[in-house]
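J.: let's see this in three dimensions:
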Amino acid sequence: MSIDRRDFLSLSGSALYAAILAGCNSKGPRTAQRLIKYAERKNEVVERALFRHTSMDATQSGAHAAGNKLPSYFISKTVPVWDEGVRGKWTLEVGGMVAKPVTLSMDDLLHLPRVANRVNHYCVEGWTAVETWTGVPMRELAKLVQPDANAKFVDFQSFDDGYHESWDMEGALHPQTVVAYALDGTMLGPAHGAPARVYSPVKLGYKNTKYLTKIAFMPVANGGYWSDAGYEWYGGV
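T.: Numbering: from 1, shown residues only. A predicted model of the protein is given here:
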């Protein structure tokens with residue numbers, strides 16, 4: 001259970017893929033970078049072919065919610081907390097290549113259409129947890145801002161020391177992708193991404209940016225905290 005991300009990826013892949021990922025979290029030799037990029041491009045082609053945009057994640061019958069046992073991850077030195085005394089009221093900016101950019105308060109989010117999705121959380125470390133995430137479907141936010149036809153990617157940005165991850169549009173607008181503000185019926189706490197975070201079972205955990213402050217629709221992908229460090233960018237489940 002103490003296995004870390006690098007060990008898990010190395011042990012779970014094929015011999016070639018494990019060898020490539022052994023340099024995870026580092027730039028590695030220049031000669032290896034071309035091989036890594038090539039493997040990633042080929043892997044993404046396979047993932048996109050396997051990912052059925054109409055498929056819905058479903059939990060096993062009788063599975064118990066992880067609740068507060070769900071691990072907490074952040075990159076700041078301490079748990080990120082939005083300090084209104086320093087930053088003012090929290091808001092979520094939704095913009096980029098859109099016709100109608102908006103800045104939403106928590107009250108605004110609470111008044112938008114909501115869903116409560118009981119789904120699986122898939123971690124790159126190899127464990128899975130069941131949780132119910134309540135929030136605004138990304139599809140509803142897209143309707144609100146009206147993305148440009150040339151916007152093919154979405155970037156989710158946070159106040160957790162600049163953490164961000166960009167997604168493919170299909171994953172961002174999957175029916176189970178939400179901007180979540182509650183976990184298992186309770187408003188999010190700082191440990192799990194308050195005031196709001198993106199959550200979807202179609203992406204590995206590290207793609208689900210916590211502590212959201214901005215959502216940007218873009219023409220090209222712009223990487224992400226972990227994908228820039230060597231983890232796979234697509235991160236599909």
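
J.: residues in contact with Ala99?
T.: Contacts for Ala99 (CB atoms under 8 Å, 6 or more residues apart in numbering) come out as Val145, Gln146, Pro147, Asp148. All C-beta spots, glycine's among them, are computed from the backbone N, C-alpha and C.

J.: per-residue confidence at Lys69?
T.: We have a pLDDT of 86 for Lys69.

J.: can you give me the helices in the chain?
T.: 5-12, 15-21, 30-50, 84-87, 106-110, 138-145, 169-172 (DSSP state H).

J.: show the buried residues in the contacts of Ala99.
T.: Val145, Pro147 (16 or more other CB atoms under 10 Å).

J.: by mean pLDDT, which helix or strand of the chain comes out lowest?
T.: Least confident element among the helices and strands of the chain, by mean pLDDT, DSSP states H and E: helix 15-21 (a mean of 44).

J.: dig out what Lys203 forms beta bridges with.
T.: Gly236 (DSSP bridges).

J.: isn't it up against Glu232?
T.: No - applying CB atoms under 8 Å as the test, Lys203 and Glu232 come out as separate, 10.8 Å apart.

J.: in this structure, where is pLDDT below threshold?
T.: For the chain, residues meeting the criterion pLDDT under 70 lie at 1-31, 36, 52-53.

J.: the lengthiest strand in it to helix 138-145, inter-axis angle?
T.: Longest among the strand segments of the chain by residue count, using DSSP state E, is strand 128-137. Going by axes from the mean of the first three to the mean of the last three CA atoms, to 10 degrees, strand 128-137 is angled at 20 degrees with respect to helix 138-145.
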